[in-house]
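Visitor: 3D, please:
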Amino acid sequence: MSQDIFREFSDRVAYEALLHASCTLAEAPEARELALLNERNASLLTTVGSLTERRADTLEDDGAVLQELSRIDAKLNAVIELVNRLALPSAALPPRVDVRFNAWAAELPRRILPDPGKRVMLRIHFDACRALPLELPGQVIHAPGAKVGLVAFQGLSEGVRDAMERLVFRQHRRQVAEAKQMVR
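Guide: This is a model prediction of the structure:
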């Protein structure tokens, strides 16, 4: 089974970056908690996508206006959530690690992962919105002899998976464009 998950993960495009991330032991969230988690994750992914997307120079049509309004809405949602979290004691960000993830799993250094088979909560902090982590429940899987392991995500909604795939695609597209710019 774990070989299938590794194959499934490696066959897809993945978001690759040096990000603040932590992985802690956690029970599988209950249905209500999972629904709230999925809602927060979908909102965060929209916000991160909006904050990292390059803005068009001009608004030429109604589609562009709606896109700009969507960005403003996502930013306001982030501000509201940040204000809510400031009322709570702030915690230090976890260290930066090499992270590779897509909508199905995340690859991380084995040194930060618990033993294989353990249920965990993976928290990834994007630079565009550091105070709001992406919180992903899953199970740890290690490849034999590898220096990295996988957290196979469990319980993510279709909306969260779609938002993750859009974020991964945008990052991949930016990397390709930047690589083309460097060649010129």
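Visitor: Low-confidence stretches in this structure?
Guide: Scanning the chain for pLDDT under 70 picks out the ranges 1-2, 53-62, 80-81, 83-92, 143-145.
Visitor: Chain neighbours aside, what residue packs nearest to the residue sitting nearest the centre point of the chain?
Guide: In the chain, the centroid-proximal residue (C-alpha atoms, centre = their mean) is residue 134; its distance is 5.3 Å. Nearest residue to residue 134, sequence neighbours excluded (C-beta to C-beta, 6 or more residues apart in numbering): residue 124, at 4.5 Å. Quick note: C-beta positions are derived from backbone N, CA and C, even for glycine.
Visitor: Roughly how far does the residue nearest to residue 106 when sequence neighbours are not counted sit from residue 117?
Guide: The shortest distance from residue 106 to any residue other than its chain neighbours is 4.8 Å, reached at residue 151 (C-beta to C-beta, 6+ apart). Residue 151 sits at a distance of 12 Å from residue 117 (criterion: C-beta to C-beta, to the nearest Å).
Visitor: Residues that sit against both of those two, list them.
Guide: By C-beta atoms under 8 Å, 6 or more residues apart in numbering, residue 151 and residue 117 have these common neighbours: 139, 140, 141.
Visitor: The second one reaches residue 112, doesn't it?
Guide: No: Residue 140 is beyond contact range of residue 112, at 10.3 Å (criterion: C-beta atoms under 8 Å).
Visitor: So those two - more neighbours on which side?
Guide: residue 140 (22 against 16; other C-beta atoms under 10 Å).
Visitor: Next, the contact list for that one, please.
Guide: Contacts of residue 140 (C-beta under 8 Å, 6+ apart): 23, 113, 114, 115, 116, 117, 118, 120, 149, 150, 151.
Visitor: ranking those residues by neighbours, who comes first?
Guide: Within the contacts of residue 140, most neighbours by other C-beta under 10 Å means residue 150, with 28 neighbours.
Visitor: Please identify which helix or strand holds that one.
Guide: strand 148-153 (DSSP states H and E).
Visitor: What segments of this protein are strands?
Guide: 15-25, 96-101, 105-109, 119-125, 134-142, 148-153 (DSSP state E).
Visitor: quick one, which of those strands is nearest to residue 167?
Guide: Smallest distance to residue 167 across the strands of the chain (C-beta to C-beta): 6.3 Å, for strand 15-25.
Visitor: Which strands or helices does that closest one pack on?
Guide: Under the contact definition 3 or more C-beta pairs under 8 Å, 6 or more residues apart in numbering; DSSP states H and E, strand 15-25 sits against strand 96-101, strand 119-125, helix 158-183.
Visitor: what's the angle between the longest one and strand 134-142?
Guide: It stands for helix 158-183. Helix 158-183 runs at 80 degrees relative to strand 134-142, counting by axes from the mean of the first three to the mean of the last three C-alpha atoms, to 10 degrees.
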